[in-house]
Structure formats: structure tokens, C-alpha cells
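*Asks:* Need a 3D model of the sequence below.
(2 chains)
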There are 2 protein chains.
Amino acid sequence: MPGRIIEFFFDIGSSYSYLASTQIDGVAARTGVPVKWRPFLLGAVFKATGNDLPIKLPPKARWMVGDMALWAKHYGIPVRVPSRFPMVTLRAQRALCAVERLSPDALPTVAKALFHAYWADDQDPTADDTIAAAARGADIDPAPILAAIDAQETKDLLRATTDEAVKRGAFGAPSMFVGETLFWGNDRLPLMEEFLKRS
Amino acid sequence: MPGRIIEFFFDIGSSYSYLASTQIDGVAARTGVPVKWRPFLLGAVFKATGNDLPIKLPPKARWMVGDMALWAKHYGIPVRVPSRFPMVTLRAQRALCAVERLSPDALPTVAKALFHAYWADDQDPTADDTIAAAARGADIDPAPILAAIDAQETKDLLRATTDEAVKRGAFGAPSMFVGETLFWGNDRLPLMEEFLKRS
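*Replies:* Residues are numbered from 1 along each chain as shown, chains lettered A, B, ... in the order given. Have a look, this model is predicted:
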């Protein structure tokens, strides 16, 4: 079906969003369905839905460390539990919304750089330096991005994206929508790919 | 590594346990690692760990219906949301523990029959008729199984299995252990298979 897209709602602070961010281009390539990267605020999704961080449950938190390591080996990607985990990613998500407003084509590259900074290099994804380096890596000028982080239009975009995701049924991250079908979690990428190939 | 087993902790009332129950023989066949079926009581696991039914979160409950349908299509198996869902499966789990005590070789076949009765045929997996039919389907006499459901040894086995799973780190179902590595969820079967083939 032409005109379809994968809407990829993600938060830099979400471990499984990181995993999915390393694989979603592959799904797009194999299905011919493009990805629209949509930064949202997972903390606000939790508040709106009554969901909570999975790591609040101690045995689940312990399991997740090993689970992440198994996925990293499976995908062949680096991963480590960030020293700042869990953290308030508001400023990173706003920076991504600033990129979405000012240089939308650079959004996937900047987002991947922030994911890598946080989940592989243990950097602070909300720091000016990290954001500026991610922008430069995507060949865009960091100055207007940094200047736009606290702009009302940027805040409004993050809030609108988050509200929209919740309204459409999201309750965690990553949340991938194909039309109104929700695929929740890195582990649902194969089901989404099968769905896209079938329909 | 010889001597390894997959310990498959499951509850008939758990949708993702049902999905996994239809696939785990395949993992065993492809890896040469046998499966030990271990009926436990998911409700008691939730109580012990502070976890809760995922369907308590309304958007997750809505998502799960579609998710189950996608998995069913992926696996080519029947599934429907049972009219009794969620239900207290205590008696079904005790019946399986009775089988484990009296006719252990029949346990996988009886368990699969109860899963199918509940998740495909919308029958009550705690009813004598359902349990008796499952036993007969596994070529064992239903009478001693039914008689042993409320035996103290049966209750003790279910409690011991559940306590053991929690002690080893389980917090949901299905929980598959390979040694002390926990694979939680039907969606982790591929990672477990990869782990078994690698190690």
C-alpha cells in the first residue's frame, strides 16, 4: 500500500527505544516503508496512562540488565547501563523536537547520535556539548538548535507529540504505529515487519 | 553443553504462556536441549513480587488483544480472548502438578491440551470435564489425577515450584530458565534459542 509510514515514537532515556533505533532503518529498507521519527516524552506517557518504569520492580530491573546484554549481542551493538539511568530526558527530547522543527531531515541522525551517547558512551544526552556534537555529526549548525530548545514552539511540539501518542493508545516506548496498529517494544519489530510485508 | 535443560514455568491463564507453549518444542528440537514443564501459579508470583496483570492498564489491555492476534497469525495457531479471562487458574495448575507427580511424562501433552481448551476453545480449564479430557488425550487415566488435585502433596508441589521461580528471579509468565539465565516472555524464545546455540 503506497503512502504508508512507520511512526516511531521514542525517548532517548528508554533502553528498548535505543535497541529499536538501531534496527528500524533495516525494517524500512526491507519493506520499503519509510520511518517518521517522533520524539516524545516517556515520563509524560507514564503519568498519563498510569504506567510506570519497569525497573521499579526489582526482579524486572535485574532481568533487564541481562536482557539488554543479550539483545546487544544479538544485534551486534554496544550497550551499557548508563551511570545516569534512569534520568529525566526532557531537555534531550526538546532538543530533538528543535531539530524536528528546524532541520527535520537531520532528525534520525541526531537521534541516533544521542542514543549512542547515552547508551554506549555513558554521556549526558541533555548536555549542550552532547547535543551540539550530535548536531555537528548530522552536518547541521548546533547554535540554532541549542537556542530553540526552550522555545515555546519546541515545548509545544513535544507536548503535542506526546499527547497524540497517548491518545492513539501508546503506554510505553518505543511505540511504533502503522496507521492505527500499535507495535510496542523493540521485540515487536519482527511482527511489524511481517505485518508490513503482508498488508 | 550436555545435561542442560530449559525449565518452562507457565500458567494456563497466561496468554503469552499459551503462545510459548506452542513453540517451545521447536526450540528444543532445533537446539537439542530438552524442556522441563513446570506449572506454577502466576497470581502468587505477582503477589510475591509486587507485579500485576498487564491488563490492569487499559491501553495495554487494548494493545494485547491485537498483539495476541498478530502472534497467532505469525505462529499459525488459533487464539481467542477467553470469556473467562482473567481467571483464577489455581485448580488447573494443581491438576497439572498432580500430573507432574503421578504421570510426569504426560505433563507436556496435558498442559498443551489445557492451554488449547482455554485459549482456543473457550473452555474452563479448571473444570473436571476439561481436565479429564486433557488426561485422556495424553493416554492417562483421569480418575487418579482428579482425585489428587486437592492432595496436600499436590498443593505443596505447586507452592514449592512457585516459590522456587520467584526465588530465582521470575516476576511473570512464561519464565524460561537455562541454568540461572531467565528468559521472560514468549517474545524471548528467539533470544533463548540463540543463547542455547551459542553456549
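
*Asks:* got the residue ranges for the strands in chain A?
*Replies:* With DSSP state E, the ranges of strands along chain A come out as A:6-10, A:35-39, A:175-178, A:181-184.

*Asks:* which residues sit in contact with the residue nearest to A:D141 when sequence neighbours are not counted?
*Replies:* Nearest non-adjacent residue to A:D141, counting by Cβ to Cβ, 6 or more residues apart in numbering or on different chains: A:A135, 7.0 Å away. All C-beta spots, glycine's among them, are computed from the backbone N, C-alpha and C. Counting by Cβ atoms under 8 Å, 6 or more residues apart in numbering or on different chains, A:A135 makes contact with A:V99, A:A106, A:V110, A:D141, A:P142, A:I145.

*Asks:* Please apply the same query to A:W119.
*Replies:* The neighbourhood of A:W119, defined by Cβ under 8 Å, 6+ apart, consists of A:S15, A:Y18, A:P78, A:V79, A:R80, A:P82.

*Asks:* from those residues, which would you call buried?
*Replies:* Listed as buried from the contacts of A:W119 are A:S15, A:Y18, A:V79, A:P82; burial here means 16 or more other Cβ atoms under 10 Å in any protein chain shown.

*Asks:* And for A:K47, the neighbour number?
*Replies:* Look at A:K47: counted by other Cβ atoms under 10 Å in any protein chain shown, it has 13 neighbours.

*Asks:* wait, does the longest helix anywhere in chain A contact chain B?
*Replies:* In chain A, taking DSSP state H as the definition, the longest helix is helix A:58-75. Yes: counting by Cβ under 8 Å from any Cβ of the partner chain, chain B has neighbours in helix A:58-75: A:P58, A:P59, A:K60, A:R62, A:W63, A:G66, A:D67, A:L70, A:W71, A:H74.

*Asks:* Give me the buried positions along that helix.
*Replies:* Applying 16+ other Cβ under 10 Å to helix A:58-75 flags A:P59, A:K60, A:W63, A:M64, A:D67, A:M68, A:L70, A:W71, A:A72 as buried.

*Asks:* Quick one, grab the pLDDT at the residue nearest to A:D141.
*Replies:* According to the prediction, A:A135 has pLDDT 98.

*Asks:* where are the low-confidence patches of chain A?
*Replies:* Along chain A, the model assigns pLDDT under 70 to residues A:1-2.

*Asks:* Filter the contacts of A:W119 down to the ones in helices?
*Replies:* A:S15, A:Y18.

*Asks:* And the contacts of A:W119, which two are furthest apart?
*Replies:* A:S15 and A:P78 (12.9 Å; Cβ to Cβ).

*Asks:* Tell me the spacing between the residue nearest the centre of chain A and chain B.
*Replies:* Centroid check for chain A by Cα atoms, centre = their mean gives A:F10 as the closest residue, at 2.6 Å. Counting by Cβ to the nearest Cβ, to the nearest Å, the gap from A:F10 to chain B is 17 Å.

*Asks:* Quick check, that residue in contact with A:P174.
*Replies:* Yes: counting by Cβ atoms under 8 Å, A:F10 does reach A:P174; the two are 4.8 Å apart.
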